[in-house]
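Q: Turn this into a model:
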Amino acid sequence: MKSFATPRTSLGPLDADAAAGLIAAAADIALVLDEAGIIRDLAFSNEELSREFDGPEGWLGRSWIDTVAKDSRPKIEAMLAPHPAKDAVRWRHVNQISARGASIPLLCSVAPLGIAGRHVVFGRDLRPLSQLQQRMVEVQQSMERDYSRLRQAETRYRLLFQMSMDPVLILDAEQQRIMEANPAAQRLFGRNARRMPGRTLNELFEPEDRAAVQALLANVRSAGRADDVTAHLAEGGEPVLVSASTFRQEGGLLFLVRLSVPNQAGTALPEAQPKLLKVVEVAPDGFVVTDASAHLLTANAAFLDMAQLTSEEQVRGEPLDRWIGRQGVELEVLLSNLRNRGAVRLYATTLHGALGGQVEVEISAVSVMNGGQSCFGFQIRDIGARSRPAVRAAEGATRSVEQLTELIGRVPLKDLVREATDAIERLCIEAALELTGDNRASAAEMLGLSRQSLYVKLRRYGLGDLDDQQG
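A: Model prediction:
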């Protein structure tokens, strides 16, 4: 076998230094082993990797198999065998133990050096690839969570669509063909319900009323809303109140058309719906229905319990922001998103009880039409059990960030940084006092300050009475 140091190439003989440089450049880590597998020389491609293994001093004279994890030892034995199997020559994944005991993945290959049975080990650092794989796994998990939430939201809205007592149609906005009809619409059109998908909306009404229905759809498409119109059904001539709204799905515009039949208020609910309403009434999550101005129409028992009230009469007609929101504008933001998008999911806020109690809640809401009028349904879930206990600094942090945001563009950046530092320092001191029950000695120790430094900062920020400095 030819010596590695003197190959026959067009470049001439290769001396030992050049061979060593070539070996070191070919991999992130290179080891030279004798016939017994003892490390006689090694090289690292960068200082960071050398520090991980505490330099070459800790390697020389040791057996390579003693420097790897237990699960990698059979691979080392196979690669260093006197007569290795065909698959032993290929690159193998080896977990190398660093100086601090961590496992560092390497992709290793062994080649004979041609000198007294010596071998050279080429190792490639797999940590960048491992980090990339970890990020891919995290992205995949995030996508799966988002997909799960979308499926849950679709299930909720599909349930609302099926439960609606009023006939509801979903139309393609371009051709105005019916894509879906809920059970109430199928009952309205009786035996012709099976032929509804694919029909145009005009086919459902008398010819003299079609222009009014088309004007309604045109106004809704251009302005987002329009007054309801009365039209007569083509089959039977029964008058219905027609209302419409738009929404987007998969890049396309769709119409949601609702048909309200006069004098239908006394119609009996389908057999399964009273059971569902009973479930909503006794559900552990709060559920309320409001009119378009967010005044309560009805509420279930769970909401009354969270609001510290005893009867539904106490909430009927009252504005929802009497109980919902940390600040006066929170509910308005929620309602604005609800009016624009038709639905809001997982909006975190606070519910204030009539007796002063507070509950951290999560709200999902949807906008629906009822009798030609818009109304809102709110599902309110108590998340206090899984949220971190609130500290006094929470609201102050919000106010400080808002104030600093308002100063952008009006004061220099260094002043903003100083203001932000002061705000964070004050919030940390307040949090430490809160956690220690206002024990300043413990708070100073928690913050890594001397007691005197803490008193200076308390005086600076006007936090508490300083008469007990000796306590």
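Q: show me where pLDDT drops low in the stretch 201-350 of the chain?
A: 236, 262-274, 326-330 (pLDDT under 70).
Q: Quick one: the helices in it, in order.
A: Secondary structure of the stretch 201-350 of the chain (DSSP state H, counting those that start in this stretch): helices located at 210-223, 272-282, 301-306, 330-341.
Q: Show me the one of these that comes nearest residue 62.
A: With CB to CB as the measure, helix 330-341 is the member of the helices of the stretch 201-350 of the chain nearest residue 62 (64.4 Å). Where C-beta positions appear, they are placed from N, C-alpha and C, glycine not excepted.
Q: starting at the chain centroid, how far to the closest one?
A: Between the centre of helix 330-341 and the centre of its chain there are 20 Å (CA atoms, centre = their mean, to the nearest Å).
Q: That one packs against which elements?
A: In terms of contacts (3 or more CB pairs under 8 Å, 6 or more residues apart in numbering; DSSP states H and E), helix 330-341 is packed against strand 343-352, strand 358-370.
Q: so residue 292 sits right up against residue 376, yeah?
A: Yes. Using CB atoms under 8 Å, residue 292 is in contact with residue 376, at 7.4 Å.
Q: out of the two, which sits in the more crowded spot?
A: Neighbour count, other CB atoms under 10 Å: between residue 292 and residue 376, residue 376 has more, with 22 against 12.
Q: My read is that that one contacts residue 289, right?
A: Yes. The pair residue 376 / residue 289 is scored as a contact, 7.0 Å apart, by CB under 8 Å.
Q: in the lengthiest helix in the chain, what's buried?
A: Scanning the chain for the longest helix, with DSSP state H as the assignment, gives helix 127-163. Of all the residues in helix 127-163, those buried under the rule 16 or more other CB atoms under 10 Å are 161, 163.
Q: Check which element follows that helix along the chain.
A: Once helix 127-163 ends, the next helix or strand along the chain (criterion: DSSP states H and E) is strand 168-172.
Q: helices or strands up against that next one?
A: strand 178-181, helix 183-189, strand 252-260.
Q: now those in JSON lines, with distance to residue 155?
A: Below are those laid out as JSON lines (distance: least, CB to CB, whole Å):
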{"stretch": "strand 178-181", "distance to residue 155": "15"}
{"stretch": "helix 183-189", "distance to residue 155": "17"}
{"stretch": "strand 252-260", "distance to residue 155": "18"}
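Q: Need those in a markdown table (columns: distance to residue 445 and mean neighbour count).
A: Listed next are these as a markdown table, based on distance: least, CB to CB, whole Å; neighbours: other CB atoms under 10 Å:
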| stretch | distance to residue 445 | mean neighbour count |
| --- | --- | --- |
| strand 178-181 | 65 | 18 |
| helix 183-189 | 67 | 19 |
| strand 252-260 | 61 | 19 |
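Q: Of all those, which one is nearest residue 237?
A: For residue 237, the closest of those is helix 183-189, at 13.2 Å, according to CB to CB.
Q: ok, back up a step: mind checking how far the longest helix of the chain is from the chain centre?
A: Chain-centre distance of helix 127-163: 9 Å, with CA atoms, centre = their mean.
Q: can you check stretch 287-304 too?
A: With CA atoms, centre = their mean, you get 28 Å for stretch 287-304.
Q: What are the contacting residues of it?
A: With contact meaning CB atoms under 8 Å, 6 or more residues apart in numbering, stretch 287-304 is reached by 280-286, 307, 310-312, 314-321, 331, 335, 373-380.
Q: do stretch 45-61 as well
A: Contacts for stretch 45-61 (CB under 8 Å, 6+ apart): 24-25, 27-29, 31, 38-42, 44, 67, 96, 98-100, 102, 104, 125.
Q: Which parts of the stretch 1-150 of the chain are strands?
A: With DSSP state E, counting those that start in this stretch as the criterion, the stretch 1-150 of the chain has strands at 29-33, 39-44, 92-97, 103-112, 119-125.
Q: Can I get those strands in JSON lines including mean pLDDT and distance to residue 252?
A: Written out in JSON lines, the entries for those read as follows (pLDDT from 0 to 100; distance: least, CB to CB, whole Å):
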{"stretch": "strand 29-33", "mean pLDDT": "87", "distance to residue 252": "56"}
{"stretch": "strand 39-44", "mean pLDDT": "84", "distance to residue 252": "58"}
{"stretch": "strand 92-97", "mean pLDDT": "87", "distance to residue 252": "48"}
{"stretch": "strand 103-112", "mean pLDDT": "86", "distance to residue 252": "48"}
{"stretch": "strand 119-125", "mean pLDDT": "87", "distance to residue 252": "49"}
